[in-house]
Each structure stands twice: as structure tokens, then as C-alpha cells.
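Visitor: For reference, the sequence and a predicted model appear below.
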Amino acid sequence: MASREQAVRLEDQTIQPIPLDERHGRPWDLFTVWFGSNIMLLTVVTGSLAASVYHLPFWCAVPSLIVGNLVGAVFMALHAAQGPVLGVPQMVQTRGQFGSMGSILVVALVIVMYVGFFASNLVLGGEALHLMIPGLSENTGIVIGGLLAVIGAILGYDLIHVYARAMTYVAGIALVIAFVWVFFIGHIDVSADASHVPTLSGILATISVAALWQIAYAPYVSDYSRYLPAATGAKAAFWYSYWGCVIGSVLPMILGAALGLYAKEGEIVAALAARAGAAGFIVLTALTLAMAVTNAMNVYCATLSTLTIGQTLAPQWSPHARARALVACIILVFTLVLALFEKDSFLVEYTKFILLLLYVLVPWTAINLVDYYFVQHGDYDVASFLRQDGGIYGRINVPAVGCYFFGILVQIPFMASPLYTGPIAAVLGGADLSWLVGLALTSPLYYFLARRIPVSARGH
């Protein structure tokens with residue numbers, strides 16, 4: 001089927017397993033969906049945290065951002081490889097580890113993440129539209145961005161992929177223009193600010209933020225690989241997702257690290273518009289358009305996850321396109337209220353938000369990947385995912401739920417956030433190593449328990 005025909009086709013499937021005769025696409029689609037969706041303003045803002053929040057000089061911020069992305073993307077891409085094999089959304093597959101009812105907690109937390117990123121994108125998009133069109137208020141820009149996102153979520157999978165493919169070229173070219181203008185024509189001096197002195201805590205925090213950026217995509221990725229033919233293979237799905245997300249994230253983050261040296265009070269969008277000079281309108285337009293595809297992905301994933309919870313509570317219900325459209329509209333209204341409320345204190349609240357995500361996502365990704373690759377070896381009873389009693393996985397997988405809470409608790413002494421700093425993090429000068437500790441301790445514990453308790457005996 002031609003890309004244009006796919007794009008305008010209304011996707012009927014939601015959380016159901018994708019039949020083999022409906023599988024389509026190529027591994028390259030995974031590169032473009034993650035490259036095209038990452039070249040946006042929020043990625044630039046995330047990179048700017050290295051300078052504006054963690055006070056790193058540019059020469060130190062860049063390698064920290066690169067390391068964080070390279071490490072974090074490993075986990076993201078390992079999740080992406082599950083999609084072509086199982087053919088279900090990532091949060092449906094989570095029932096295979098946590099049980100039908102046990103997975104609700106994780107799915108609910110992930111919905112909060114989707115809504116948080118959606119709201120963050122809307123705030124930045126509204127600001128960008130206001131800068132480009134002074135007569136247009138930020139609030140109006142936020143609403144416009146939300147409406148564009150819902151269209152993508154309603155039409156579904158194929159439109160999102162086609163849009164991301166287009167943004168790979170449009171936003172990619174705009175990013176090149178921004179680099180040339182900011183670093184060469186604008187002659188930005190990345191070594192000018194002597195107040196930015198590298199610290200261990202700043203380096204580790206920047207690595208953590210970049211790694212989280214990638215890990216936060218873990219609940220998304222199977223949603224956008226589940227239609228690929230089963231013959232795609234885990235290796236191809238891994239590498240196309242990995243490099244698409246790494247390259248698409250690192251480049252705008254480097255730009256953000258430079259702008260963060262000069263931005264006043266975290267106003268990164270305004271700094272980009274000022275430093276991009278005559279090309280500012282083109283750059284902001286392209287990066288704002290690219291943000292629409294990411295917004296659509298956030299609404300789409302939040303909708304699938306909400307339908308997953310609904311189907312868990314009402315197992316005879318099989319939601320399709322109409323249900324997806326209704327839920328997407330409800331999520332839009334809620335997120336618009338959140339975005340309009342938080343826009344005046346965006347950077348501070350966004351920093352708190354992404355650090356909070358780090359603590360709750362890490363144990364989930366550890367459990368999911370250990371179970372998929374080392375315990376079940378990708379061999380799941382997909383039909384059990386859609387049963388209220390969880391089928392062979394039960395309602396609540398006690399070892400998985402216990403390991404999840406254990407994974408959060410062991411991070412507490414190592415946490416360093418605006419809300420709380422643990423005793424070990426304080427000794428380390430505010431360096432946040434919680435995500436490493438969470439991965440290192442949760443993974444072997446879950447493996448030990450899962451290997452000793454048969455699947456049929458885990459659920460209750």
C-alpha cells in the first residue's frame with residue numbers, strides 16, 4: 001500500500017494483536033519515526049538543561065549528553081525489538097510480567113508520562129507560534145498544537161509514521177540550518193561564560209537526563225513497531241530504532257547545550273529565535289511542525305494505554321477506532337488544561353517531571369527486558385494478555401510487583417532532585433546515580449525469582 005493511502009486510512013486496531021496479513025512496513029520506518037520525532041523544541045530544551053540547570057560548560061556538556069543517549073537508547077531499542085514478534089502495544093505486553101491487574105499501576109504511571117510530555121510540547125509549541133506570529137497568543141498556539149496532535153492519534157499508526165518520515169527531512173534540514181547559523185554565522189562563543197564550571201554532580205545529572213530521555217521512550221516503541229512483518233527480526237528493529245533515536249536526540253541536544261549558555265531564565269525558544277537570525281522563522285516553523293508528530297505519538301500511546309486499563313476491567317470489550325477517537329479527545333482536554341496552567345513555570349516543573357520519571361520507569365524497564373530476553377526468551381501466550389484473569393500470567397504477578405517497588409525503594413538514597421536528595425547523593429555532591437542502582441539491583445533480583453517460580457504459579 002502506498003504511503004499516501006496508508007496515511008489517510010483510519011486505523012481500526014487499537015490494543016488487539018495485529019494479524020499477520022495486516023503487517024506492513026520496513027525496518028527503515030523505525031529509523032525515521034524516531035529520528036523525525038526527536039528533532040523538535042523539547043529535545044533542544046532538554047539539552048539546554050546541561051548549561052542552564054546543571055551549569056556545565058559546552059565542552060563538558062556535549063560528551064555527557066552523548067554518553068547518556070548512547071547508554072539509554074540500548075534499553076529503548078530492546079523494547080522496540082519486541083513489537084514485530086508479539087504484535088501488541090508495549091503496555092499490553094506488560095501484562096506478561098505483572099499480570100492483568102498488576103499491570104494497571106505501571107500503565108497508569110506511563111499515562112502520566114505521556115500526558116506530561118504532551119503538555120510540555122504544547123507549552124513550547126505555543127511559545128514558538130507566538131514568536132513567529134506575534135498577533136497569535138501563546139494560549140491559542142497551545143490549542144492549535146493540541147488539535148493537530150489529536151488528528152494524528154485518531155487516524156493512527158500509518159499517519160504518524162508518514163508524518164515522521166516527512167519530518168526526518170524537513171526538520172533535519174532545519175536543524176542543519178540552525179547549526180550553521182548559530183555556530184558559524186552567529187558566531188556563538190561556547191567558551192565565553194566562565195561561570196559554567198564542570199562538577200561531578202552536573203556531569204552525572206546531565207548523563208542521567210539524556211539517558212532518561214531515551215528510557216522514557218521504552219513504553220512507546222513497540223506501539224510503532226507492532227505492525228512490522230514478523231520476519232523483520234529483533235536485530236533490525238533494534239538497530240534502526242537505536243540509531244534513529246540517538247542521532248535524532250543528540251544533535252538537537254547539542255544545539256540546546258549551546259543556547260543554554262545564553263538563555264535568560266530558561267527561555268530557550270526565545271534564545272533560538274534570536275541566535276538563528278534571519279533563519280529563525282524557518283527553524284522554529286520546522287521544529288514546531290516536527291513537535292506535532294511527537295504530540296500525536298503521546299496522545300496515541302496515552303489512548304492505547306487508557307484503553308488497555310479499560311479492557312482489563314471489562315475484558316469482553318474490544319475497543320476500535322471510535323473508542324480511540326473518544327479517549328484521545330478526552331486526553332486532549334485534560335492536557336490542554338495542564339499546559340495552560342504550567343506554561344509560566346515551565347522549565348522548573350519540567351526538570352522535576354523528568355527526574356520523577358527516572359525513578360518509576362527504571363524498575364519497569366529492568367523487569368520487562370529481563371523477562372522478555374532472559375526468562376521467556378520472547379515466547380509469550382499473546383491470547384492471555386487480553387484475558388481478565390491474565391490467562392497463564394494471572395491477575396497479579398507478585399514477584400514482578402514486589403521487584404518493581406523494590407526497584408523504586410533502592411533508588412531513594414541515591415536520588416537527587418528538587419523535591420528530595422538522598423543521603424548518598426548528598427555525600428556525592430548531588431550526583432544522581434539512582435537509575436544505575438535501580439537497574440543493577442532490580443534486574444538480577446527479578447531474574448532470580450522468575451527463574452525459580454514457574455509462570456503458572458506466579459499469578460494470583
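Guide: Nice, thanks for sending it over.
Visitor: Show me which helix runs longest in the protein.
Guide: Among the elements of the chain assigned as helix by DSSP state H, the one spanning the most residues is helix 280-313.
Visitor: Only the buried residues of the very next helix or strand once past it, if you could.
Guide: Beyond helix 280-313 on the C-terminal side, the first helix or strand identified by DSSP states H and E is helix 321-342. By 16 or more other Cβ atoms under 10 Å, the buried positions in helix 321-342 come out as 323-325, 327-328, 331-332, 335-336, 338-340, 342. Placement of C-beta: from N, CA and C, glycine included.
Visitor: sorry, back to before: report all helices and strands that the longest helix of the chain contacts.
Guide: Using 3 or more Cβ pairs under 8 Å, 6 or more residues apart in numbering; DSSP states H and E as the contact criterion, the elements in contact with helix 280-313 are helix 28-38, helix 41-52, helix 90-93, helix 103-132, helix 138-155, helix 157-179, helix 268-275, helix 321-342.
Visitor: Mind checking the pLDDT average for the last one?
Guide: The reference is to helix 321-342. The average pLDDT within helix 321-342 is 92.
Visitor: Identify the residues contacting P19.
Guide: In this structure, P19 makes contact with G87, judged by Cβ atoms under 8 Å, 6 or more residues apart in numbering.
Visitor: what does V92 give?
Guide: Under the criterion of Cβ under 8 Å, 6+ apart, the contact list for V92 reads 15, 304, 308, 385-386.
Visitor: ok, 7 Å please
Guide: 15, 308, 385 (Cβ atoms under 7 Å, 6 or more residues apart in numbering).
Visitor: Distance from the longest helix of the chain to the middle of the chain?
Guide: For helix 280-313, the separation from the chain centroid amounts to 10 Å (computed by Cα atoms, centre = their mean, to the nearest Å).
Visitor: Now that helix: buried residues?
Guide: In helix 280-313, the ones that count as buried by 16+ other Cβ under 10 Å are 280, 282-308, 311-312.
Visitor: Go through the helices and strands packed on helix 280-313 and find the least confident stretch.
Guide: Mean pLDDT per stretch puts helix 268-275 lowest among the helices and strands packed on helix 280-313, at a mean of 84.
Visitor: so that helix versus helix 41-52, what angle?
Guide: Taking axes from the mean of the first three to the mean of the last three Cα atoms, to 10 degrees, one finds that helix 268-275 is oriented at 90 degrees with respect to helix 41-52.
Visitor: Could you list every helix and strand in contact with helix 268-275?
Guide: If contacts are counted by 3 or more Cβ pairs under 7 Å, 6 or more residues apart in numbering; DSSP states H and E, helix 268-275 sits against helix 41-52, helix 103-132, helix 234-259, helix 280-313.
Visitor: List the backbone torsions phi and psi for L433.
Guide: For L433, the backbone dihedrals are phi -110, psi 20 (criterion: degrees, to the nearest 10).
Visitor: Can you give me the neighbour number for it?
Guide: Applying other Cβ atoms under 10 Å, we find 20 residues neighbouring L433.
Visitor: Spatially nearest residue to it (excluding sequence neighbours)?
Guide: Beyond its immediate neighbours in the sequence, the residue positioned closest to L433 (Cβ to Cβ, 6 or more residues apart in numbering) is F414, lying 4.8 Å away.
Visitor: do the same with T168
Guide: Skipping the residues right next to it in sequence, T168 comes nearest to G36 by Cβ to Cβ, 6+ apart, at 3.9 Å.
Visitor: Please name the residues that touch the one you found.
Guide: By Cβ under 7 Å, 6+ apart, G36 lies in contact with 164-165, 167-168, 171, 290, 293.
Visitor: just the contacts of V92 now: which is nearest F117?
Guide: Of all these, F117 sits closest to T308, with 18.2 Å by Cβ to Cβ.
Visitor: wait, doesn't the closest one sit right on T14?
Guide: No - applying Cβ atoms under 7 Å, one finds T308 not in contact with T14, separated by 8.8 Å.
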